[in-house]
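In: Quick check, what structure comes out for this input:
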Amino acid sequence: LIQAMQDALIHVTKTISLWANAARESGATEEQLHAANVWTLRAVFSTLTNVNFSEERIAEYILEGMDVKRELEKLVPSSSAPTGPVAEVDVSGKSLKELEDFGCSVSLPIRLAAMGNEDAFSLNEIATYGTKGACAYASHCYQLGKMDDGVMRDIHQVLGKLASNEPDMDGLLANVLRVGDINGRVLAMLDDAHATTFGVPEPTPVKMTATEGKAILVSGHDMKDLEELLKQTEGTGVNVYTHGEMLPAHGYPGLKKYKHLVGNYGTAWQNQKFEFATFPGPVIVTTNCVLEPRKAYRDRLYTMNEVGVDGVGHIGEDRDYSQVIEQAQSMKGFKKTIDPPVYHTVGFNHRAVLPLAGQVIEAAQSGALSRIVLIGGCDGTQFDRNYFSDLAEELPDDSLILTLGCAKNRFIRSKKLAGATLSNGMPRILDMGQCNDAYSAVVVATELAKALDCTVNDLPLSVSASYV
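Out: The predicted structure is shown next:
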């Protein structure tokens, strides 16, 4: 019952948050709270959609949380210790079955609260899921050496508020709005961390077809994991391909400098069971989204970080890819190079788009541009979903499409849109990157509004996004 285990882990993160809040109020430094901060990010991230399906891995986080709690207790005078059932949780030494039972028991009050006050329940859930996203992106920041003390304080305070099942509507609404503020700050921090570490993204054509040779496929979101793989595979004769949300990696100077980062294979997360099965090499999933693997590739699937799938290889924090590289060298790889190749251009980060603002404004004023449409999100699993593709293809020729996340895979291979440009020569599709690059879209919108001396709501801008 992985759902019950995740409920148990989220409950423990609320316990840790209460103690972390008390420790801060008692004068503890962020250095003293470092272990609690990192544990919180990883524990919450592991409960995000399609991240961790391993009960044993989730149980490890729960029991690690008890160790973190014991260290926090040392920082809090008894007179300042938090009280109540959540603060007093102790599941040390519990078996998997006992942890499952605990998870079922702590989720019951929430279900009961929903029956009594649906609005309070909804606000509680919105804050919970929003915090999961904030922790995911903050975890990426941490991988790149960025940890914001204020963000961690706010995350713990939000989770501490969620420890209460009281239908405090004003407090819960304020909590939700606070989560929005946290996410905005974290996305800005991650945008800066990526650009500082790997260079400012720049428009770059990415080969979307195969190159002859041995191969490793990397999916997920974590650019640091990809960089370390590129370093370790350099000179081994193994080519590296991106998949899903790793496609934007090709726009970073610090990553595309590796000549054996040869292209992108496949489409979005929902197609991995078929695309991983046909890829002629091992596959590494650095973060979400991972699905329960098929037998056809289970023995060559590797997870990392918070990702957990029972029965597959897991790469530790040392990022030692030697086993993956050896397996890639033992496999056939791609037998030939596909010719002619197909390309898709990535790298339209806000730093690349804003210099084009003059062209965009001129195009709008001259009538060459009627509307800007942002199409993005995670998309869904159904093969017959066609809203994004229909929307993109049916938009007028004088519209500009900004896209990010996996949703773009519905239309970036469209024959109708291939090479499409506005009448002034600007490409009609600007790929801004991963889901977290929604920050770039916000920057572009706000800066265009300033340039046009209007509000964002007055811009000829439409947003079509789906997160599932």
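In: When you work out contacts or count neighbours from here on, use the C-alpha atoms and nothing else.
Out: Will do.
In: so where's the longest helix in this protein?
Out: For the chain, the longest helix by residue count, based on DSSP state H, is helix 169-198.
In: Quick check: next helix or strand after it?
Out: strand 204-207 (DSSP states H and E).
In: coming back round to it: got the buried residues for the longest helix of the chain?
Out: Buried residues in helix 169-198, defined by neighbour count with 16 or more other CA atoms under 10 Å: 172-173, 175-180, 182-183, 185-195, 197-198.
In: can you give me the strands in the stretch 351-468 of the chain?
Out: Per DSSP state E, counting those that start in this stretch, the stretch 351-468 of the chain carries strands over the ranges 371-377, 399-405, 429-433, 461-466.
In: For these, which has the smallest mean pLDDT value?
Out: In terms of mean pLDDT, the lowest-scoring of those is strand 461-466 (a mean of 88).
In: What backbone torsions are found at residue 368?
Out: Note on residue 368: its backbone torsions stand at phi -80, psi -20 [degrees, to the nearest 10].
In: Residue 223 too?
Out: phi -70, psi -30.
In: can you list the strands of the stretch 351-468 of the chain in JSON lines and add distance to residue 354?
Out: Below are the strands of the stretch 351-468 of the chain laid out as JSON lines (distance: least, CA to CA, whole Å):
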{"stretch": "strand 371-377", "distance to residue 354": "14"}
{"stretch": "strand 399-405", "distance to residue 354": "13"}
{"stretch": "strand 429-433", "distance to residue 354": "12"}
{"stretch": "strand 461-466", "distance to residue 354": "16"}
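In: so where's the stretch 251-400 of the chain uncertain?
Out: For the stretch 251-400 of the chain, applying pLDDT under 70 flags the ranges 380-381.
In: okay, and for the stretch 101-250 of the chain, where does confidence drop off?
Out: Ranges of the stretch 101-250 of the chain meeting pLDDT under 70: 108-115.
In: any chance you could map the strands in it?
Out: Under DSSP E, counting those that start in this stretch, the stretch 101-250 of the chain gives strands at 204-207, 214-219, 238-242.
In: Nearest to residue 433, out of those?
Out: With CA to CA, the closest approach to residue 433 among the strands of the stretch 101-250 of the chain belongs to strand 204-207: 11.7 Å.
In: Just checking: what are the partner strands of the closest one?
Out: strand 343-346 (antiparallel) (DSSP bridges).
In: Now do the strand it pairs with: everything it contacts.
Out: Under the criterion CA atoms under 8 Å, 6 or more residues apart in numbering, residues 202-209, 247-248, 250-251, 412, 430-433 lie in contact with strand 343-346.
In: how close does the residue lying farthest from the centre of the chain get to residue 156?
Out: Centroid-distance maximum for the chain: residue 79 at 40.0 Å, with CA atoms, centre = their mean. To residue 156, residue 79 is 20 Å away according to CA to CA, to the nearest Å.
In: can you check residue 218 too?
Out: According to CA to CA, residue 218 and residue 156 sit 32 Å apart.
In: can you check residue 188 too?
Out: 20 Å.
In: do residue 132 as well
Out: Applying CA to CA, the value for residue 132 to residue 156 is 12 Å.
In: One more: residue 344?
Out: Distance of residue 344 to residue 156, computed by CA to CA: 41 Å.
In: Looking only at neighbour counts, state which of the two leads.
Out: Legend: neighbour count by other CA atoms under 10 Å for residue 344 and residue 156, higher for residue 156 (24 against 18).
In: was I right about the more buried one contacting residue 18?
Out: Yes - counting by CA atoms under 8 Å, residue 18 is a contact partner of residue 156 at 7.3 Å.
In: Would you double-check that residue 293 falls in a helix?
Out: No - secondary structure of residue 293 (DSSP: H, G, I helix; E, B strand; the rest coil): coil, not part of a helix.
In: show me what contacts it?
Out: Applying CA under 8 Å, 6+ apart to residue 293 gives the contacts 273, 301.
In: Now it: phi and psi?
Out: phi -70, psi 150.
In: what's the neighbour count on residue 359?
Out: With other CA under 10 Å as criterion, residue 359 counts 15.
In: quick one: it from residue 423, how far?
Out: 11 Å.
In: hang on, the earlier thing: what would the strands of the stretch 351-468 of the chain look like in JSON lines with distance to residue 136 and mean neighbour count?
Out: Shown next, in JSON lines, are these (distance: least, CA to CA, whole Å; neighbours: other CA atoms under 10 Å):
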{"stretch": "strand 371-377", "distance to residue 136": "16", "mean neighbour count": "21"}
{"stretch": "strand 399-405", "distance to residue 136": "15", "mean neighbour count": "25"}
{"stretch": "strand 429-433", "distance to residue 136": "17", "mean neighbour count": "26"}
{"stretch": "strand 461-466", "distance to residue 136": "18", "mean neighbour count": "14"}
